[in-house]
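Trainee: Return a 3D structure for these sequence lines:
(chains A and B)
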Amino acid sequence: MRSKELSNGYMRDELKIYCEKSRLSELRLFLTDVLEDTRLSEINRHQVILAVEEVCANLIIHSHECNPKDFIQLDVAKDKHKITFEIKDSGKAFNILEYQVPQLADVIREKKKGGVGIILVKKIMDLIEFESTPHQNICRLTKCINSK
Amino acid sequence: MLKIEKTETGDHCVLRLVGEVDASNSVELDLAIQQLMAENVKKILVDGSALEYISSAGLGVFMSYLEDFQDNGVRFAIFGLSNKVKNVFHILGLDQLLTIEDEEQGALEWLYEG
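Mentor: Residues are numbered from 1 along each chain as shown, chains lettered A, B, ... in the order given. From the prediction side, this is the model:
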């Protein structure tokens, strides 16, 4: 994978992910490469991979119903202070900021097998932004290099 | 990719998870635990020493059985997780709800105590 260096000092990488659950392993390999040269600890790199995958899996399953013709565009920009993942799609908008995360006790009582991914994203990332237009949704996740 | 190796030893059953659990294969983990529950196995160990990754889909499988374990008197423990995988359980607070031991011996002692 080859990163592009932008004039403002950012390094940029991108990946097009088709909406199949089997593509998630490819996404993790891409993210592992992108994060390799950052100063994040191994545990933080693992957390960031998890958070980005959770958002993408959510879009693949719920917004695109695993339609392999649909895709998500992932753009990554990083400098020495932070790394930002811009996840763009044109499916049914999922506003991560408005989503009320469930209580863990409720998830356990109701024996749900999903629903906790967004809790992880909100605990891991330092900044979460969401924008939606009639044609595109953008979820932006930022991790500061020396953060939680 | 996920491989699940099942071993029966004494009164307990061990599920060894090899590889990665995500939304594409968490159903395999679900089926493996479901099968043990159907066989009325009362002591279940999960060997996580070769588990490289787990997403919320996999964590959700464990969470969905917590009440069944309690209602059916099933003892369940996980051991051998790497620090990065264990950290994911910790972020959600699952390390407070599940028995997670570093070594198999500790998990076995918990399984057979009392």
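Trainee: going forward, measure contacts between C-alpha atoms and count neighbours the same way
Mentor: Fine.
Trainee: can you pull out the strands in chain B?
Mentor: For chain B, the strands defined by DSSP state E cover B:2-9, B:12-21, B:43-54, B:75-79, B:99-101.
Trainee: Output the contacting helices and strands for the second one.
Mentor: Here strand B:12-21 touches strand B:2-9, strand B:43-54, going by 3 or more C-alpha pairs under 8 Å, 6 or more residues apart in numbering or on different chains; DSSP states H and E.
Trainee: would you turn the strands of chain B into a markdown table with mean neighbour count and mean pLDDT?
Mentor: Below are the strands of chain B laid out as a markdown table (neighbours: other C-alpha atoms under 10 Å in any protein chain shown; pLDDT from 0 to 100):
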| stretch | mean neighbour count | mean pLDDT |
| --- | --- | --- |
| strand B:2-9 | 14 | 96 |
| strand B:12-21 | 19 | 98 |
| strand B:43-54 | 21 | 98 |
| strand B:75-79 | 22 | 97 |
| strand B:99-101 | 20 | 97 |
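Trainee: Present the helices and strands packed on strand B:12-21 as JSON lines; the columns should include distance to A:Leu127.
Mentor: Shown next, in JSON lines, are the helices and strands packed on strand B:12-21 (distance: least, C-alpha to C-alpha, whole Å):
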{"stretch": "strand B:2-9", "distance to A:Leu127": "32"}
{"stretch": "strand B:43-54", "distance to A:Leu127": "23"}
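Trainee: residues from chain B in reach of chain A?
Mentor: Chain B comes close to chain A at residues B:1, B:22-24, B:55-57, B:60-61, B:63-67, B:83-84, B:87-88, B:91-92, as judged by C-alpha under 8 Å from any C-alpha of the partner chain.
Trainee: circling back to that earlier point, of all the strands of chain B, which one is nearest A:Thr142?
Mentor: strand B:43-54 (21.5 Å; C-alpha to C-alpha).
Trainee: list the contacts for the residue of chain A positioned farthest from its centre?
Mentor: The C-alpha centroid of chain A is most remote from A:Arg109, which lies 27.8 Å away (C-alpha atoms, centre = their mean). By C-alpha atoms under 8 Å, 6 or more residues apart in numbering or on different chains, the contact list for A:Arg109 reads B:Ser64, B:Glu67.
Trainee: what do you get for the one 5 residues further on?
Mentor: Taking C-alpha under 8 Å, 6+ apart as the criterion, A:Gly114 is in contact with A:Val107, B:Ser56, B:Ala57, B:Gly60.
Trainee: make it 10 Å
Mentor: By C-alpha atoms under 10 Å, 6 or more residues apart in numbering or on different chains, the residues touching A:Gly114 are A:Asn58, A:Val107, B:Ala23, B:Ser56, B:Ala57, B:Gly58, B:Leu59, B:Gly60, B:Val61, B:Met63, B:Ser64.
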